[in-house]
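Engineer: Model the following, please.
(chains A, B, C and D)
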Number of protein chains: 2
Amino acid sequence: MIEVNAPVTMSDVARVAGVSTATVSRVVNGHYGVSARTIAQVRTAIEQLGYESSLVASSLRRSRTNVLGLVAHSFQSYTAEVLKGVMKALSRSGFDLIIYANSDLYGSYSEGWEQRHLTRLSGTLTDGCIVVTPWGEVRSRTPVVAIDPVRGSTAPSVMADNLTGATTAVEHLLGLGHRRIGFIAGRDSLASAWSREEGYRAALTDAGVPVDPTLIGRGDFNPESAAPLARVLLQRPDPPSAIFAASDGMALKVLEVARELGFSVPGDLSVVGFDNIPESALTEPGLTTVDQSMYQLGYEAARMLKSLVTGEWDEPNQIVLPTSLVVRGSTAPPTSAPRP
Amino acid sequence: MIEVNAPVTMSDVARVAGVSTATVSRVVNGHYGVSARTIAQVRTAIEQLGYESSLVASSLRRSRTNVLGLVAHSFQSYTAEVLKGVMKALSRSGFDLIIYANSDLYGSYSEGWEQRHLTRLSGTLTDGCIVVTPWGEVRSRTPVVAIDPVRGSTAPSVMADNLTGATTAVEHLLGLGHRRIGFIAGRDSLASAWSREEGYRAALTDAGVPVDPTLIGRGDFNPESAAPLARVLLQRPDPPSAIFAASDGMALKVLEVARELGFSVPGDLSVVGFDNIPESALTEPGLTTVDQSMYQLGYEAARMLKSLVTGEWDEPNQIVLPTSLVVRGSTAPPTSAPRP
DNA sequence: ACTGCAATCGTTATCGGTTACGTTTCCAGG
DNA sequence: CCTGGAAACGTAACCGATAACGATTGCAGT
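Structural biologist: This is a model prediction of the structure:
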């Protein structure tokens, strides 16, 4: 019987098997140069003691660990969906996954978290990392793939076709007859936020509707950031008849504020989001939004990282995935009579 | 300018600052015994080189790392929801989180994964771990909290009130008039699977309905496992008028099979699940299910683990959370005329 | 100037593995 | 019997950090 709480180390195995730790290591890793008899002895000792090698210790000395990392600053639905895709891509690939998330989740966290986490892991633990919605460009000695990268980055990344998606969303509102369309922007540094705003502007301009800067609120993708912005837009004497938010999280917040202020959706106000997180289908009414398959983003990012690590990647470094409009109940033609 | 791909180590900092690595370590960790002037020098060097301490290296030597771990064998909606709760509980707690998931996600993976992962991490990297739906009892020198533990475990755990939940679900079906109610069980080793089956039996017995063993299919919580079982139940000459599945994932599979075999839900067949994962609200019709707030499970588990690590826990080691029935469109009274 | 105690800082062992290198063993070939 | 070389295995350095311990320095007290 093994005593509980005994951390079994390699030297324990070596002692029991009557060999050196080097030999145990060779057996564990299947290296050449150990006799069959010795291998059997070591195996027996390992079995008997219930030994498992420490990922930490081995990763310190080794260069390859067969572990990929994912760092994210928060863990909302967005990240969860991405994660499912990542796991799918990694299934039976020989790579394990470590997700590192810091505890400064809600509230203000300092910029550069991704660099900190990355260097803390990447130095040794992981062979490469996926970074979800980074704050800036990162440096790392192992490959890094960004999901939803910063603007202007040329590093490996995966993102949705945000420009087309946003354009389609606004065209949908225009098609319903809306002309005063508010916009709540995302975090400025991200390419996605930028493209979604571009799409908003382009669709309006193409339709001959002038862009009114006072109808644009500057959020940061954090749902909380949308509340005051929505309040400002809706409490104007001339509120917009529709609001396009750059993320579902923010759009759902807009729905909340609208309800609170007595707007009926879609009667008094149409709302469109972006992302198509699961919650968007559950609200009453359902949120019209742009689907960007976060699952797919994660899947592609993991596939790319895997190949980058093994040095087999031969496709373009920047992947752009298509989007599609999902029309639900939160959009309708504007009422002719503006709300008093 | 710093050269790219240069892994900056503590000795680099020491060299630049003109001190020993021990002093750098003291500065980094805010230990006593360093003059203000030296601290400034070291800080400058750290800044200049962009140094970040390696989590791996320090965890090897240290006992406390302020990192908690979570290991899960798969990453479906269930785990994602749990994770959100965990993150919430850990936010601004000073603890970071590492999630370890292996790549043998889909398909057959060997039992005992949780023990392997645990020993690989727990030896050094983490101060404690949360294990989601383990295969067996685990040993670890650091605290472990199980979410949905194995049957008969007395170790720290968090679980839903599965007995009451299942009883309520079946009573709901009985109340609608169903008498032939099929059941698809979960993974036998888990306490939750056991309790849910107990609830099923108890509700039937209390209502004076004999338990028919041929109406019980033995699944394992994996959605795939439910398909053949549902097929068997529904292709009988005398199919049940309702099926209660021990998890939503399996219940959704039952819906699929039912549709495939030409059963209309809830016309020909009522279906009830357990868990209330987000997808359950999205199907047509929506799935009637038992809500067990996986978010809450994660939240409580993290709260408990946090306190166990710091040695402040003074509540019972086993937490049971309430459940509630969510009635949606997949249940209705049975049609009087049995299906041909 | 001398002692004694803190404060400061470097040296070194250590965590649990991996691996370069050196040593021993064994056997085939001369 | 001797030599050469490969196979088998141990020794020790090393990965990047921490911490126990020892050494040095500075300064107050006498």
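Engineer: can you list the residues of the stretch 1-150 of chain A near DNA strand C?
Structural biologist: Residues of the stretch 1-150 of chain A lying near DNA strand C by CB under 7 Å from any atom of the strand: A:7, A:9-11, A:21-22, A:24-26, A:28-29, A:31, A:51, A:53-54, A:57-58, A:60-63. Where you see a C-beta, it was placed from the backbone N, CA and C, and this is true even at glycine.
Engineer: ok, of these, which come out buried?
Structural biologist: The neighbour-count test (16 or more other CB atoms under 10 Å in any protein chain shown) marks A:9-10, A:24-26, A:28, A:51, A:53-54, A:57-58, A:60 as buried among these.
Engineer: The residues of the stretch 1-150 of chain A next to DNA strand C: which ones sit near DNA strand D?
Structural biologist: A:21-22, A:60-61.
Engineer: Farthest pair within the residues you listed?
Structural biologist: By the measure CB to CB, A:A22 and A:L60 form the most distant pair in those, at 16.3 Å.
Engineer: pLDDT and secondary structure added to the ones next to DNA strand D among the residues of the stretch 1-150 of chain A next to DNA strand C, as JSON lines?
Structural biologist: Formatted as JSON lines, those follow (pLDDT from 0 to 100; DSSP: H, G, I helix; E, B strand; the rest coil):
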{"residue": "A:T21", "pLDDT": "93", "secondary structure": "helix"}
{"residue": "A:A22", "pLDDT": "93", "secondary structure": "helix"}
{"residue": "A:L60", "pLDDT": "89", "secondary structure": "helix"}
{"residue": "A:R61", "pLDDT": "89", "secondary structure": "helix"}
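Engineer: Pipe these into a markdown table and attach distance to B:H117 per row.
Structural biologist: Output for those, formatted as a markdown table (distance: CB to CB, whole Å):
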| residue | distance to B:H117 |
| --- | --- |
| A:T21 | 23 |
| A:A22 | 26 |
| A:L60 | 18 |
| A:R61 | 20 |
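Engineer: Name the nearest of the residues you listed relative to chain B.
Structural biologist: Here the nearest of those to chain B, counting by CB to the nearest CB, is A:L60; it sits at 5.6 Å.
Engineer: Tabulate the buried ones among the residues of the stretch 1-150 of chain A next to DNA strand C in JSON lines, adding columns for distance to A:P278.
Structural biologist: Formatted as JSON lines, those follow (distance: CB to CB, whole Å):
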{"residue": "A:T9", "distance to A:P278": "44"}
{"residue": "A:M10", "distance to A:P278": "45"}
{"residue": "A:V24", "distance to A:P278": "48"}
{"residue": "A:S25", "distance to A:P278": "46"}
{"residue": "A:R26", "distance to A:P278": "49"}
{"residue": "A:V28", "distance to A:P278": "42"}
{"residue": "A:Y51", "distance to A:P278": "42"}
{"residue": "A:S53", "distance to A:P278": "38"}
{"residue": "A:S54", "distance to A:P278": "38"}
{"residue": "A:A57", "distance to A:P278": "40"}
{"residue": "A:S58", "distance to A:P278": "38"}
{"residue": "A:L60", "distance to A:P278": "40"}
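Engineer: give me the low-pLDDT residue ranges for chain A?
Structural biologist: A:1-6, A:103-110, A:123, A:336-340 (pLDDT under 70).
Engineer: Tell me how it divides into domains.
Structural biologist: According to automatic domain parsing, chain A comprises the domains A:10-53, A:67-158+A:294-318, A:162-292.
Engineer: Look up phi and psi at A:P213.
Structural biologist: phi -60, psi -30 (degrees, to the nearest 10).
Engineer: how about stretch A:141-156, does it get close to chain B?
Structural biologist: Yes: Stretch A:141-156 reaches chain B (CB under 8 Å from any CB of the partner chain) through A:R141.
Engineer: of all the domains of chain A, which lies closest to B:T323?
Structural biologist: Proximity to B:T323, assessed across the domains of chain A by CB to CB, is greatest for domain A:162-292 (19.2 Å).
Engineer: quick check, that closest one touching chain B?
Structural biologist: Yes: with CB under 8 Å from any CB as the measure, domain A:162-292 is seen reaching chain B through A:278-279, A:281-282.
Engineer: okay, how far is it across that domain, tip to tip?
Structural biologist: Taking CA to CA, to the nearest Å, the first and last residues of domain A:162-292 lie 8 Å apart.
Engineer: What of stretch A:66-81?
Structural biologist: End-to-end distance (CA to CA), stretch A:66-81: 23 Å.
Engineer: Now find how far off-centre that stretch is within its chain.
Structural biologist: Put simply, stretch A:66-81 sits 6 Å off its chain's centre (CA atoms, centre = their mean, to the nearest Å).
Engineer: check whether it contacts chain B.
Structural biologist: Yes: Stretch A:66-81 lies within reach of chain B by CB under 8 Å from any CB, at A:74-76, A:80-81.
Engineer: Report the buried residues of stretch A:129-148.
Structural biologist: Here stretch A:129-148 shows A:129-135, A:138, A:140, A:142-148 as buried, counting by 16+ other CB under 10 Å.
Engineer: Can you tell me which of these lies closest to chain B?
Structural biologist: When those are compared against chain B (criterion: CB to the nearest CB), the nearest one is A:S140, at 8.1 Å.
Engineer: Can you name the residues that contact that closest one?
Structural biologist: When contacts are counted by CB atoms under 8 Å, 6 or more residues apart in numbering or on different chains, A:S140 touches A:118-119, A:122, A:129.
Engineer: In those, find the pair that's most separated.
Structural biologist: Those two in the contacts of A:S140 that are separated most widely, counting by CB to CB, are A:T119 and A:C129, at 10.2 Å.
Engineer: Tell me, how many residues neighbour the residue of the stretch 151-300 of chain A found nearest chain B?
Structural biologist: Of all residues in the stretch 151-300 of chain A, A:P278 sits closest to chain B, at 4.1 Å by CB to the nearest CB. The local packing of A:P278 (other CB atoms under 10 Å in any protein chain shown) involves 18 other residues.
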